[in-house]
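1. what's the 3D shape of this:
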Amino acid sequence: MGDYEKDKVGFLEYFSIVSITIGLKSTDMTTVLLFKDGLNAAWMIVIGAFLFSIPSLLLLNSVLKKYQCKNILEVTQLTLGKPFTFVIAFLMFGFTLLNTATESRSYITQLITINFPTTPLFILYICFLTLCMWGAKKGWETLGAIAWTTYPYLIIGLGILFFLMFKEVAFNRMFPLFGTGKWEIVKASFNYTSIFGDVFIYTMMYPFVKNHQTYTRSLYSSLLFTVLLMTLLYLSYIWIFDYRSIEKITFPYNEAIRFVSLGRNITNIETFFITIWLVGVFVKFIIYIYLVSKIFGFLFQIEEFEHTIMPMTFLIFVIGMIPENNENNIFHIRTNSLVYFKYLILFLPPLLWVAAKIKEARAG
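-> You can find the predicted model right below:
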């Protein structure tokens, strides 16, 4: 990468971006999908999905190192041509847009159901996206700074939550260890590989990380740390509720923070955890909206893609409001998008690696 580092993020910023956006998936309705397929072994699906993604991550990292200063779509264009790149860009844009719309809708439903039952969905959703849009307009470097500024507070809050939950755990609830069976866990891990699909989307911003070494160190360290935290959180849900109860709980995180206490004299402690969680959610969707606009800008060759942030936010709002109820939103649309997107993140990096090798051999 070049020496010019304006608008570039460093180790801490990129570490925080990856950790926040992926880690929060253990607090939303994605947990319902994993517990549905894995029962009390849902925590193994998180680890298994990460392991399935590692080969593609390694190959993609190798390709990016070869074409420094290029993002994933620019590399695809150089190695596989413009027509193929347009298809890949369109698929990435479609997934990122749909993922942002469905996830944001599920978070808002989560807030309304547990914390704001009298607030209209339309009002809360549009206020949420407006704030996220305002944050996204600040630019990539500012997003990194915001992520790093908030990340320590999120970790402190999560640490306190773990401490309080561990006073209520029953470790025997994690047995039988393999839940629905070893083979079923492997299949579910493969199907939900795209839980870590965010890091492939983030390669759109690869040229805006200070250097390749910084990118590599921050990526792998953040993933390892995030997988550890997600695994502990899934295990905590099992130890507290048992998988039979979790199947009937739509929002395990919200139930968990209502379950813990600091004694009889301190009440409403869940307000503290909801506030910390909500800050992380805002950071996550600020980043998501920025990336949706970035991919859209590449797809239609809009150099000043920041001008598309407002219309993209409106489109996310429209798509998010379409499902009649949140059950359709999460179990149908989101499940299908997760299951099918995995093929892109599993097979595109090897294809790019092979194409780069062929091009290098011909040039040599």
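2. return the backbone torsion pair for Leu9.
-> If you look again at residue 9, you'll see it is Val, not Leu. Backbone torsions for Val9, taken as degrees, to the nearest 10, come to phi -110, psi 160.
3. what bridges to it?
-> Beta-bridge pairing of Val9 under DSSP bridges involves Val209.
4. from the rest of the structure, what touches stretch 276-292?
-> With contact meaning CB atoms under 8 Å, 6 or more residues apart in numbering, stretch 276-292 is reached by 17, 20-21, 23-24, 27, 93, 96-97, 99-100, 103-104, 107, 111, 128-129, 131-133, 135-136, 140, 143, 146-147, 150, 153-154, 157-158, 201-202, 204-205, 253, 309, 312-313, 316. Glycine gets a C-beta too; all of them are placed from N, C-alpha and C.
5. tell me which entries of those lie within helices.
-> Counted as lying in helices by DSSP state H, out of the contacts of stretch 276-292, are 17, 20-21, 23, 93, 96-97, 99-100, 103-104, 107, 111, 128-129, 131-133, 135-136, 140, 143, 146-147, 150, 153-154, 157-158, 201, 253, 309, 312-313, 316.
6. give me the buried subset of the residues you listed.
-> By neighbour count, with 16 or more other CB atoms under 10 Å, the ones in helices among the contacts of stretch 276-292 hold 17, 20-21, 23, 93, 96-97, 99-100, 103-104, 107, 111, 128-129, 132-133, 135-136, 140, 143, 146-147, 150, 154, 157-158, 201, 253, 309, 312-313, 316 as buried.
7. ok, now which ones touch Phe296?
-> Residues counted as contacts of Phe296 (CB under 8 Å, 6+ apart) are Phe93, Ile302, Phe305, Thr308, Met312.
8. tell me the one of those nearest Ala361?
-> Relative to Ala361, the closest of the contacts of Phe296 is Phe93; by CB to CB it sits at 32.0 Å.
9. could you report the distance from that closest one to Met29?
-> 23 Å (CB to CB, to the nearest Å).
10. other SSEs contacting the helix or strand where Leu229 lies?
-> Using DSSP states H and E, Leu229 falls within helix 212-241. If you count contacts as 3 or more CB pairs under 8 Å, 6 or more residues apart in numbering; DSSP states H and E, helix 212-241 packs onto helix 11-23, helix 30-38, helix 42-66, helix 140-165, helix 252-259.
11. and these as CSV, adding distance to Lys182 and mean pLDDT?
-> Listed next are the helices and strands packed on helix 212-241 as CSV, based on distance: least, CB to CB, whole Å; pLDDT from 0 to 100:
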stretch, distance to Lys182, mean pLDDT
helix 11-23, 25, 96
helix 30-38, 11, 86
helix 42-66, 9, 95
helix 140-165, 28, 93
helix 252-259, 24, 86
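12. could I get those helices as CSV with distance to Asn172?
-> What follows is the helices and strands packed on helix 212-241, written out as CSV (distance: least, CB to CB, whole Å):
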stretch, distance to Asn172
helix 11-23, 27
helix 30-38, 18
helix 42-66, 15
helix 140-165, 16
helix 252-259, 18
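13. tell me which of those lies nearest to Val339.
-> Counting by CB to CB, Val339 lies closest to helix 30-38 out of the helices and strands packed on helix 212-241; the figure is 9.9 Å.
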